[in-house]
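Novice: The sequence isn't on hand, but the structure is:
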């Protein structure tokens, strides 16, 4: 990185203050590395497209709004399918459901139309009982198709918290890719936006200039109180829920309480 001379009035605990030309020189240097990062991602995507596939029974049943349907139905006649596997707390109120998966699903809720236009279907599955799942999705205002995979093993069900990709060839169905953890950041656009800001994600693990605000745990902002303060208190909710009509500060943690 280019060394930039300090301004005599530099703010304590902040990067140096420079004129626009010096900033542009440093920005141009960083851009070279950003482009290399992008190309490295393109190369990984090419390898991802060449992963071997796992064939499984497309007639495996999942439960949707009307009845049990074969997994093939999730493709909606298209050849490609992306599925997010949403964690679930049995018997918990809406505000007690998984805050991390709520964060993920909220980012996905309007993407289906764009993916559909590219010949790709998008759905969410979870291990919850359908009646509980239906009430939750209605409260959240989700329009993507949801299904219960309770009691169904991999690669349709199994471990939750994953984004999984499938391919259809007629009535034959294949698992092609699956990722979790930070692999899910690709569809949670706020992460990339936060990385563009001066303070970043404000998480303890990130490398920040000396004097920058102290970092928090990685999921510190997934729940807030009624005033929008990031807190994991007894009456907090997953952040998107506060946008829903009638959402109030009721008991949450312990996965107990009223809706």
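Specialist: In hand now; what should we look at? Here the structure is a predicted model, which means the values were calculated and not measured. Numbers count the residues shown, from 1 in each chain.
Novice: quick one: residue 21 and residue 14, what's the gap?
Specialist: 19 Å (Cβ to Cβ, to the nearest Å). In short, each C-beta sits where N, CA and C put it, glycine included.
Novice: out of these two, which sits in the more crowded spot?
Specialist: Remark: of residue 21 and residue 14, residue 14 carries more neighbours, 12 against 7, as counted by other Cβ atoms under 10 Å.
Novice: where does this structure have low pLDDT?
Specialist: Within the chain, the segments meeting pLDDT under 70 span 1-10, 12, 253-259.
Novice: Is the residue nearest to the spatial centre of it part of a helix or strand, or is it coil?
Specialist: Centroid check for the chain by Cα atoms, centre = their mean gives residue 104 as the closest residue, at 2.8 Å. Under DSSP: H, G, I helix; E, B strand; the rest coil, the three-state class of residue 104 is helix.
Novice: hang on, it packs against residue 184?
Specialist: Yes: at 5.8 Å, residue 104 and residue 184 qualify as touching, with contact defined as Cβ atoms under 8 Å.
Novice: and the closest residue to residue 194 other than its chain neighbours, how many neighbours?
Specialist: The shortest distance from residue 194 to any non-neighbouring residue, by Cβ to Cβ, 6 or more residues apart in numbering, is to residue 201 (4.8 Å). By other Cβ under 10 Å, 18 other residues sit near residue 201.
Novice: From residue 109, how far off is residue 201?
Specialist: Distance from residue 201 to residue 109, counting by Cβ to Cβ: 22 Å.
Novice: Wait, a strand at residue 82?
Specialist: Yes: membership of residue 82 in a strand is supported by three-state DSSP.
Novice: who does it bridge with?
Specialist: On the basis of DSSP bridges, residue 82 is bridged to residue 122, residue 165.
Novice: count of neighbours near it?
Specialist: Other residues within reach of residue 82, judged by other Cβ under 10 Å, total 20.
Novice: Quick one: residues contacting it.
Specialist: Under the criterion of Cβ atoms under 8 Å, 6 or more residues apart in numbering, the neighbours of residue 82 are 115, 120, 121, 122, 123, 163, 164, 165, 166.
Novice: Between those residues, which sits nearest residue 172?
Specialist: Proximity of the contacts of residue 82 to residue 172 was ranked by Cβ to Cβ; the top entry is residue 166 with 10.8 Å.
Novice: burial count for the closest residue to the closest one other than its chain neighbours?
Specialist: With sequence-adjacent residues excluded and distances taken as Cβ to Cβ, 6+ apart, residue 166 is closest to residue 81, at 4.4 Å. When neighbours are defined as other Cβ under 10 Å, residue 81 has 22 of them.
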